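Asks: only geometry, no sequence info:
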């Protein structure tokens, strides 16, 4: 098995690579995977080794949004610089999946969390930090990413009643696999490893202190990630991982560890709200009128009927409505931001054209 295959290179990527090479003017490039990123400086790994890489000038010129730039997990076209352990990134291969969120705060900017992953491990601990509403957000984003979500419940060795948390998760995660693990006793670790067979790539997503770094250490059999404890008063943890990094596991498979996210705001995931709330949508499909807004007093509303008879928990529906409003707001902001970005792009191109020297006749 060569190094590219160990990093997840498959026939589908080879096909994309050949299509890109046919249209590329650069004939000295080779495929590589981004394993680390820091302020537009990247660590990439190819079949010839590991290098630090920066973007070419043309790549930078054509990139305007965060989604245009490489991220950890991307397959890129790189050119090795002669006599140096450095490379230039000329292009990115089309992605198979992308998990993103809105950056914290008021600014409407996308943050790329993980790309080209087969599985999204949504990690939460079985203690006071367990938050069902936060998990609902992660599920909506996971369904939208193009990857398969798997919920991982950690710290089973210190949990008095794991079945309580399993029942809670299963009440919102319809059809999503749920695995309870302990990084201390190794219970459930084999199940996670089996999911990563055939060099699959997965991302670990969750809040600080839920045990992502401990899980990577348990899967790798080595202390490759620093681990911090949790505060006893509220069971909340400190940030351990400060950057995104792709880690190759000894048993096969790859993991992208991500910094803990206490605040998780959705980013343009409205199409996947139905997948994350299949129960609500199921009731909504039985409403008498197709344009039912599910408000109190609405005639023939199956959602309100389900709320009244207890088939649909009020907090579940409240979460659904909140996320729907949040996504509608993001969509409006994105439309306005896209229009502004397009105007600015053409203004810049017009300015550059005026500054070019004219040819003498």
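Replies: Done, it's in. Being a predicted model, the structure only gives us computed values, none of them experimental.
Asks: tell me which element residue 88 falls in.
Replies: Using DSSP states H and E, residue 88 maps to strand 86-92.
Asks: From start to finish, how long is stretch 290-308 in a straight line?
Replies: Start-to-end span of stretch 290-308 (Cα to Cα, to the nearest Å) is 20 Å.
Asks: Run the chain-centre distance for it.
Replies: Between the centre of stretch 290-308 and the centre of its chain there are 34 Å (Cα atoms, centre = their mean, to the nearest Å).
Asks: Buried ones in it, by neighbour count?
Replies: 292, 294, 301, 302, 303, 304, 306, 307 (16 or more other Cβ atoms under 10 Å). All C-beta atoms are positioned from the backbone trio N, CA, C, and that covers glycine.
Asks: Inside helices: which ones of those?
Replies: Among the buried residues of stretch 290-308, DSSP state H puts 302, 303, 304, 306, 307 in helices.
Asks: my guess is the fourth one contacts residue 312, does it?
Replies: Yes. Using Cβ atoms under 8 Å, residue 306 and residue 312 qualify as a contacting pair, with a distance of 3.8 Å.
Asks: Where does the prediction get shaky in the protein?
Replies: 1, 101-109, 223-243, 260-272, 329-361 (pLDDT under 70).
Asks: out of the buried residues of stretch 290-308, which one sits closest to residue 279?
Replies: residue 306 (8.5 Å; Cβ to Cβ).
Asks: The residue nearest the centre of the chain pairs with what?
Replies: Centroid check for the chain by Cα atoms, centre = their mean gives residue 99 as the closest residue, at 2.7 Å. Beta bridges link residue 99 to residue 114 when assigned by DSSP bridges.
Asks: what residues are up against it?
Replies: Going by Cβ atoms under 8 Å, 6 or more residues apart in numbering, residue 99 touches 112, 113, 114, 115, 117, 120, 141, 142, 145, 147, 203, 205.
Asks: Summarise which helices and strands the one helix or strand residue 16 maps to is packed against.
Replies: Per DSSP H and E: residue 16 is located in helix 11-23. Where contact means 3 or more Cβ pairs under 8 Å, 6 or more residues apart in numbering; DSSP states H and E, helix 11-23 is packed against strand 75-80.
Asks: burial count for residue 182?
Replies: 22 (other Cβ atoms under 10 Å).
Asks: Tell me the spacing between it and residue 100.
Replies: 31 Å (Cβ to Cβ, to the nearest Å).
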